[in-house]
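1. mind folding the following:
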Amino acid sequence: MFISFEGTEGVGKTTLIRRIYDDFVAQGKEVVLTREPGGTPMAEQIRSLLLAVNHEEAMCNDTELLLMYAARAQHLAQVILPALKAGKIVLCDRFTDASFAYQCAGRGLSEAKLNLLNDNFVARMPDVTFWLDAPIELGMNRARERGALDRFEQEKVSFFEKVRSGYETLWQRHPQRMKRLDATQAPEQVFAQAMAELQVV
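-> Numbering: from 1, shown residues only. From the prediction side, this is the model:
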């Protein structure tokens with residue numbers, strides 16, 4: 001099974017993924033915990049480029065999208081597809097839905113560009129996607145509490161409102177795959193809601 005986790009900054013994705021990972025491992029299941037961008041040494045280097053705050057050269061939107069997919073292609077080939085073939089459960093912090101939400105809805109890139117990349121370089125979509133949804137200000141306050149903000153976290157609230165709207169669009173398009181979780185709840189409640197959703201998959 002391939003499960004992805006989506007949402008804007010500071011909504012508790014990492015906390016939820018770790019809770020589900022620990023629960024599955026306790027049940028004796030083989031689980032791979034990974035993230036995007038990243039997940040392999042090469043993809044993590046690309047992640048560093050994407051998240052770095054560069055005051056000398058701004059990253060253009062097309063470059064951002066292509067770097068995301070370069071990392072994703074490597075991640076799929078080296079981690080996700082081999083793990084699924086071996087019968088393992090893959091828990092992934094972000095996947096293609098993030099590219100729609102951030103690069104298309106957020107940056108304004110055309111969905112046609114994204115579809116071209118997905119059609120050619122994404123051989124497998126998640127079976128289940130958890131979208132952790134919370135008001136932007138709440139998530140940003142949590143992100144600020146973590147310390148220095150990366151390039152994405154430094155974006156304006158208006159950008160993240162577009163991203164959140166993008167996730168809502170995907171949720172409406174893919175109600176079977178995409179499950180909305182109320183991330184304003186306590187972590188224990190979010191975890192319980194997610195596990196209840198997995199029981200019926």
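
2. worst-scoring helix or strand of this structure, pLDDT-wise?
-> helix 136-145 (a mean of 80; mean pLDDT, DSSP states H and E).

3. for it, which helices and strands make contact with it?
-> Judged by 3 or more C-beta pairs under 8 Å, 6 or more residues apart in numbering; DSSP states H and E, the packing partners of helix 136-145 are helix 157-173. Every C-beta, even on glycine, is put in place using the N, C-alpha and C of the backbone.

4. neighbours of the residue nearest to residue 193 when sequence neighbours are not counted, how many?
-> Excluding its sequence neighbours, the residue lying closest to residue 193 (C-beta to C-beta, 6 or more residues apart in numbering) is residue 181, at 5.4 Å. Counted by other C-beta atoms under 10 Å, the residues lying close to residue 181 total 24.

5. for residue 181, give the beta-bridge partners.
-> residue 132 (DSSP bridges).

6. quick check: it touching residue 195?
-> No: counting by C-beta atoms under 8 Å, residue 181 stays clear of residue 195, with 10.8 Å between them.

7. ok, the most far-flung residue of the chain relative to its centre to residue 156 distance?
-> Residue farthest from the centre of the chain, counting by C-alpha atoms, centre = their mean, is residue 56 at 27.8 Å. Distance, residue 56 to residue 156, using C-beta to C-beta, to the nearest Å: 21 Å.

8. what's the local residue count around residue 199?
-> The tally of other residues near residue 199 (other C-beta under 10 Å) stands at 6.

9. swap in residue 154?
-> By other C-beta under 10 Å, the residues close to residue 154 number 12.

10. residue 146 now?
-> 12.

11. next one: residue 57
-> Using other C-beta under 10 Å, residue 57 has 6 neighbouring residues.

12. also the one 5 residues further on?
-> Look at residue 62: counted by other C-beta under 10 Å, it has 12 neighbours.
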